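Student: could you work out the structure for the sequence below:
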Amino acid sequence: MRLWVFVALLASGGASTPLASGPSVSGLWPRQAVAYSSGETALELAADFAFRPTTSSARVQRACERYLAIIFGQKELWAHATAPAGAIPLRALVVAAPDDEDAAPRLGDDESFALRVNASGAALEARSFSGVQRGLEAFAQLTI
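Tutor: Take a look at the predicted model:
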């Protein structure tokens, strides 16, 4: 499996990404209000890559399973892509979220997330299930 991550760091907060009608700083959709930076290090998703939720929430577990299938399902689309020489294997993304299994989505929920991906590991932190979903989607868009 030759999927790799193009970024070194993505974190929420700060500057806004332009609307889809204009150029996008991060290229992520749906439009994110993010502070975004990238580095020179290529990270390749290891064949045994997994999401590691720190919560016991069944819906977070299911979301992680769903996005794992999405990410590795892209392999046929990107079969021509090869990781750059010296790519570092990424084995896991730790997903930290509250145990809010029964909390229904509400208008005004905090959908923010912080996603950090670098050579030493990857972590997603969110304050709600909606934030987890947005963070998983951003991570999926950063992989090919």
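Student: and stretch 105-116, how far apart are its ends?
Tutor: One end of stretch 105-116 to the other measures 25 Å (Cα to Cα, to the nearest Å).
Student: which parts of it are buried?
Tutor: Across stretch 105-116, burial judged by 16 or more other Cβ atoms under 10 Å covers 111-116. C-betas here are computed from N, CA, C, even on glycine.
Student: what mean pLDDT does the top strand by length along the chain have?
Tutor: Counting by DSSP state E, the longest strand found in the chain is strand 43-53. Per-residue pLDDT over strand 43-53 has a mean of 89.
Student: ditto for stretch 64-78
Tutor: Averaged over stretch 64-78, pLDDT sits at 82.
Student: can you list the buried residues in it?
Tutor: With burial defined by 16+ other Cβ under 10 Å, the residues of stretch 64-78 counted as buried are 64, 67-68, 71, 74.
Student: next: stretch 88-96.
Tutor: The neighbour-count check on stretch 88-96 (16+ other Cβ under 10 Å) flags 90, 93, 95-96 as buried.
Student: TSV for the buried residues of stretch 64-78, including secondary structure and distance to A50?
Tutor: Formatted as TSV, the buried residues of stretch 64-78 follow (DSSP: H, G, I helix; E, B strand; the rest coil; distance: Cβ to Cβ, whole Å):
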residue	secondary structure	distance to A50
C64	helix	8
Y67	helix	11
L68	helix	7
I71	helix	11
Q74	helix	16
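Student: for those residues, give me a markdown table that also has distance to A104.
Tutor: Output for the buried residues of stretch 64-78, formatted as a markdown table (distance: Cβ to Cβ, whole Å):
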| residue | distance to A104 |
| --- | --- |
| C64 | 20 |
| Y67 | 21 |
| L68 | 25 |
| I71 | 27 |
| Q74 | 31 |
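Student: if we can go back for a sec, give the partner strands of the longest strand of the chain in its sheet and their orientations.
Tutor: If you go by DSSP bridges, strand 43-53 pairs up with strand 3-5 (antiparallel), strand 88-96 (parallel).
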